[in-house]
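Trainee: Structure here, sequence nowhere to be found:
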């Protein structure tokens, strides 16, 4: 896998911010300048120290190919989305050691974080193998990192929910509360507003918290109904009702989803499961940069 043009632009912004915060206003690495001869060359290998899925190699290449790091050569040995195990070599960087050392932590930050998300996603996807149910991310992302984090979800075999507020309509409990004046459970969408919801090519989704709300949801003509924090029995009943009353509508489960229960949720017959933990709780994958021989 590789970045889209939008993801590449987001990565450029993040890399520039990362350099600015690491090198400061003077743009220097004091340690490297103090101890590394300016003409010393070398090579280092990005290697996996844990099992997982790699994501972020294009970001590493961006870190290593900037005006601050001239003359570095980057050679990927795997593609994003590849499963890795301890000892696997992911990429090689060679060139002036002062630039390799200066880049090390920033490059690792990108690949460890994004590979952690891809690895977490793959664990969820593997658990529901054989069931026609998609694992999706959410908007619970790190500010500024959303496009790259959602890219990492795809590297792990997951699917992306809406990118932001601009490319999908999701009516949640607080939208309904704002319309009705209280959280009474009513789906208080005026008829005129229902018509305005349907923007061409933009999906409409509504969140419901109980079966009573579910039965009213088709009045809003949604493409997707989000079943929030429902029990397995409620989810099964929602699927039975959908199959009979609104077979064209997709059902999405969300809330309280873990690796321990995601397969049981998928087995209820829902079409999609959205998991905030894919992006907000994924631990970094253990990847190191190990120095090898002089060039």
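Mentor: Done, it's in. Keep in mind the model is a prediction, meaning the values are calculated, not measured. Numbering: from 1, shown residues only.
Trainee: all helices in the stretch 1-150 of the chain, in order from the N-terminus.
Mentor: Taking DSSP state H, counting those that start in this stretch to define them, one finds helices in the stretch 1-150 of the chain at 5-23, 30-35, 57-64, 97-127, 146-155.
Trainee: Need those in CSV (columns: mean neighbour count and mean pLDDT).
Mentor: (Glycine included, C-beta is placed from N, CA and C.) Converted to CSV, the helices of the stretch 1-150 of the chain look like this (neighbours: other Cβ atoms under 10 Å; pLDDT from 0 to 100):
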stretch, mean neighbour count, mean pLDDT
helix 5-23, 15, 97
helix 30-35, 11, 95
helix 57-64, 24, 97
helix 97-127, 23, 97
helix 146-155, 25, 98
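Trainee: between those helices, which gets nearest to residue 264?
Mentor: Of all the helices of the stretch 1-150 of the chain, it is helix 97-127 that lies closest to residue 264, at 9.9 Å by Cβ to Cβ.
Trainee: So what's the gap between the closest one and the chain middle?
Mentor: The chain centroid and the centroid of helix 97-127 are separated by 13 Å under Cα atoms, centre = their mean, to the nearest Å.
Trainee: likewise stretch 142-158?
Mentor: 3 Å.
Trainee: Repeat that for stretch 80-100.
Mentor: On the basis of Cα atoms, centre = their mean, stretch 80-100 is displaced by 22 Å from the centre of the chain it belongs to.
Trainee: Buried ones in it, by neighbour count?
Mentor: 80-82, 84, 88, 90-100 (16 or more other Cβ atoms under 10 Å).
Trainee: Out of the residues you listed, flag the one nearest to residue 227.
Mentor: For those, the nearest to residue 227 is residue 81 (29.7 Å; Cβ to Cβ).
Trainee: What score does the closest one have for pLDDT?
Mentor: Per-residue pLDDT puts residue 81 at 98.
Trainee: again with residue 295
Mentor: pLDDT, read off for residue 295, is 48.
Trainee: do the same with residue 194
Mentor: For residue 194, the predicted pLDDT is 63.
Trainee: ditto for the one 3 residues further on
Mentor: You'll see residue 197 listed with a pLDDT of 68.
Trainee: Residue 185 too?
Mentor: 54.
Trainee: I'd guessed residue 104 sits against residue 289; true?
Mentor: Yes. Under the criterion of Cβ atoms under 8 Å, residue 104 makes contact with residue 289 at 5.2 Å.
Trainee: and for the two, which residues touch both?
Mentor: Counting by Cβ atoms under 8 Å, 6 or more residues apart in numbering, the residues touching both residue 104 and residue 289 are residue 44.
Trainee: List the contacts of the spatially closest residue to residue 59 that is not a sequence neighbour.
Mentor: Distance criterion Cβ to Cβ, 6 or more residues apart in numbering; nearest residue to residue 59, sequence neighbours excluded, is residue 110 at 4.0 Å. Each residue near residue 110 by Cβ under 8 Å, 6+ apart is listed here: 14-15, 18, 56, 59-60, 63.
Trainee: One more: residue 33?
Mentor: residue 98.
Trainee: Now residue 92: closest residue in space that isn't a chain neighbour?
Mentor: With Cβ to Cβ, 6+ apart, the residue lying closest to residue 92 is residue 75, at 4.5 Å.
Trainee: do the same with residue 18
Mentor: Per Cβ to Cβ, 6+ apart, closest to residue 18 is residue 106, 4.8 Å.
Trainee: same check, this time on residue 71
Mentor: Leaving aside its chain neighbours, residue 71 sits nearest to residue 95 (5.0 Å; criterion: Cβ to Cβ, 6+ apart).
Trainee: Much appreciated, bye for now.
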